[in-house]
Every structure is written in structure tokens, then in C-alpha cells.
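Asks: Give me coordinates for this.
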Amino acid sequence: MDVDELLPDELLTRIRGRAAGYDERNEFFHEDLAELKARGYLGLFGSTDDGGLGFGLEQAAAAQRRLATAAPATALAINMHLVWTGVARVLCAQGDDSLRFVLQEAAAGEVFAFGNSEAGNDSVLFDSGTEARPLPDGSYAFTGTKIFTSLSPAWTRLGVFGKDDSGAEPELVHAFITRGTPGYTIRNDWDTLGMRASQSNTTVLHGAIAPAARVFRRLPVGPNSDPLIFAIFACFETLLAAVYAGIGQRALQLAVEAAQRRTSRRNGGRPYSQDPDIRWKVAQAAIAMDGIYPQLQGLARDVDQQAEHGTQWFPKLVGLKLRATETARDVVDLAIRVSGGGSYFAGSELGRLYRDVLAGIFHPSDPESAHATVANAWLGPLEDQ
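Replies: Predicted coordinates:
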């Protein structure tokens, strides 16, 4: 199955038609999720033997880009599920089956969410403010607060991590809990400027226990070369870039439609598509987007093919994410300038894209972190002062 078959035009039309209502009501995308689930979308990365669709990251990124043209908040939330299943696929391709159960359960309809982000934790995956307390049977009890937990109303499996300080050296413990696990609370606090349908509420863990069988990594605090870290980073950054590429793509389409629809009294009723300034803005947006598509496709393919980028892997990934989010923001801005004051009204799709695209600023890696990563790769680390 190719991406157009998986996400046919009529499905995207229905999803796009619901997006404004979800946004206005600050409501989760239950109908979208049901339709995507019925089409096997949750099992994108699973092998056909496990009931999945057998997609790699290149195909999954193309699917997410297409979905985001219809409903960015739906695509962004689904991203978090696809990060975990993508990580499982990347590890399996390297001979590590520790997360194969993720692929099998996703293909069976389980919804995975990403419960790693913590307020003020700029170390991201290399440290945690959440306590991971070991129990005698090998399970862990997690206590801490996780922010931006997309899919909050619907997840059935939540990936969490925390720090175990009980031994000689602290360890970062990665595990999964289920929806039925006691010891967590989901706050109803997602009332945001954009990406509202993602319902990325705060999750408070107060002794939530992950059984030993679902504890899948114990890593040292600080940067390390474990394949899990690369897999999370590669899938997270690439799939994020795909969503924002979809936003930019849709904004460009709307700009073209507006330029052809709007007319200028000053120019004798001719459409704005004949106005040199408008044409320049549309061309600028198109040129910007043309640079994103091949980079996204190429880097996703490199992950699938386990290309050898060595120390340049992380700079390439942060560069893709930063360029996609910043370009999409610029393109939405140009599209609004082309479309005129109508885009300022609450019901405007472009107005919603303008609010949604701003979320790209806040996803890791932020511009400061991305530039530091790239500078370190090219210039070496900063010397001690």
C-alpha cells in the first residue's frame, strides 16, 4: 500500500472538515483516530508478519506530511505514537528485538504515547527529574511530572523514563505503563494557542509501576551512544519535520487559491495572481518549500538504510527539524500576506495554521540546542574557560 492509498483524498477531506471544530471546541480528534486506526495507520512500522504495513521511516514521513496538510494537530499527536513504533523498527533493523512488542501491540490497535518531556529539563534524554524507584521484583515505580503528553485521552501505553539513584551510579530507566496502571493523574490543562486537538495534557506520575517485563533500558546519566538514543532522536526529529512540512505545503496551496480567487479593483478586477508583488510572495514560499521535501525524504531514507553519517548524524537531524519548522512558519506568514484580512478571522484555515505552526518553536531541538549541536560537530566542543 502506498501513501495515497493509505490516506485517500476523500479521507483527508473528512479529516480536514473536522479540524476546525476540534480546534474551536478544544477537543480531541476521536473520529480521526478511529478512521486512521481502522485503516491500519497505527501499525505503519510493523512488519506484515506482525500485522503491520511494513513502512520504513521514509514512507511514514511521507504519510505524516500528507496527513498534516489536512489536520496538523491530529498528525502531531499521532507522531508520538509513531515515534515509539519507529524506534522499535529502527532497533529491530539493527537486530535488537527489545521493543518488538511495541510493533505487535500497535498493529493490534494499542495507542502508544510519549511521556518523557519534563518542564525545565534541558538535558532531555540525558537526565530526568522523575524518580524511578526499583522494586524487589525488578519493576520500577515512577514519580514525577511529564508535560506535553499528546494523545492523553486515548493512549493505552505510555513510555516513561526516570532516574534511579539507589545504586553506586545513577541510572536512567525507560519503561512502559498501561492505561490501567494505578498511580498517575492526567490534568485537564491543555488550553493552548494552537495544536489544540492533540490534547497534550500534563501527566503526573505518583508511584506508577512499570512491570519488569516492560522495563526495556537502563542507561547512564549523560550523553551516551546507546542505539535507543539515536532511534528516538532520528524518529522524533524526522517525523516532526514531516508534520511541519505538511503545514507549509498546505499553506502554499491556500496562498495559490487565494491569489487566484481574490481580485483587485485597482487593477481593473484582475485576480491577484497577476499582481507582481503577490506573485513574488507565492514564488518565495514555493522556493522555500522545495528545499524541505528532498531533505526530509533523503534523511528518512538514510535512517532506513542505516547510512554512515558518523558524528554528522545528530547535526543533520536537528538541522532538518529546525529548517522544516522555521520554513513552515515563514511560508504560513507569506500565505497570510497573500490571502489578506480574511485569514485573521477565527474560522480561517490559514489562521489556524498560523497558530499551529508556532508550536514548532517549542519542540526539541530548539534553535539554541540545534546550533550548539552543529557547532560542536564542525568546530569541536567549547573549551573550558
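
Asks: isn't His363 right up against Ala324?
Replies: No: using Cβ atoms under 8 Å, His363 makes no contact with Ala324, being 10.4 Å away. For the C-beta atoms, the positions are set from N, CA and C on the backbone; glycine is no exception.

Asks: In terms of neighbours, single out the busier of these two.
Replies: Using other Cβ atoms under 10 Å as the criterion, His363 and Ala324 rank with Ala324 on top: 29 against 20.

Asks: which ones are touching the residue lying closest to that one once chain neighbours are set aside?
Replies: Leaving aside its sequence neighbours, Ala324 sits nearest to Ala241 (Cβ to Cβ, 6 or more residues apart in numbering; 3.7 Å). The contact partners of Ala241, taken as Cβ atoms under 8 Å, 6 or more residues apart in numbering, are Ala61, Ile292, Leu296, Leu320, Lys321, Arg323, Ala324, Thr325.

Asks: same deal with Gly162?
Replies: Gly162 touches Ser128, Thr130, Glu131, Ala132, Tyr140, Phe142, Thr143, Gly144, Leu172, Val173, Leu205, counting by Cβ under 8 Å, 6+ apart.

Asks: quick one: the third one and Ser166 touch, right?
Replies: Okay, so that is Glu131. No: the pair Glu131 / Ser166 is not scored as a contact, 9.8 Å apart, by Cβ under 8 Å.

Asks: For the one helix or strand in the chain whose mean pLDDT sits lowest, which outside residues touch it?
Replies: Ranking every helix and strand in the chain by mean pLDDT, DSSP states H and E puts strand 263-264 at the bottom, with a mean of 73. Defining contact as Cβ under 8 Å, 6+ apart, one finds that strand 263-264 is touched by Gly269, Arg270, Pro271, Tyr272, Asp275.

Asks: Name the nearest of the contacts of Ala241 relative to Gln305.
Replies: Ala61 (13.9 Å; Cβ to Cβ).

Asks: before we move on, the earlier item: just the local confidence number for the residue nearest to Ala324, please.
Replies: Note for Ala241: predicted pLDDT of 98.

Asks: Now the host helix or strand of it: buried residues?
Replies: Following DSSP states H and E, one finds Ala241 within helix 227-261. Within helix 227-261, the residues that count as buried by 16 or more other Cβ atoms under 10 Å are 228-252, 254-256, 258-259.
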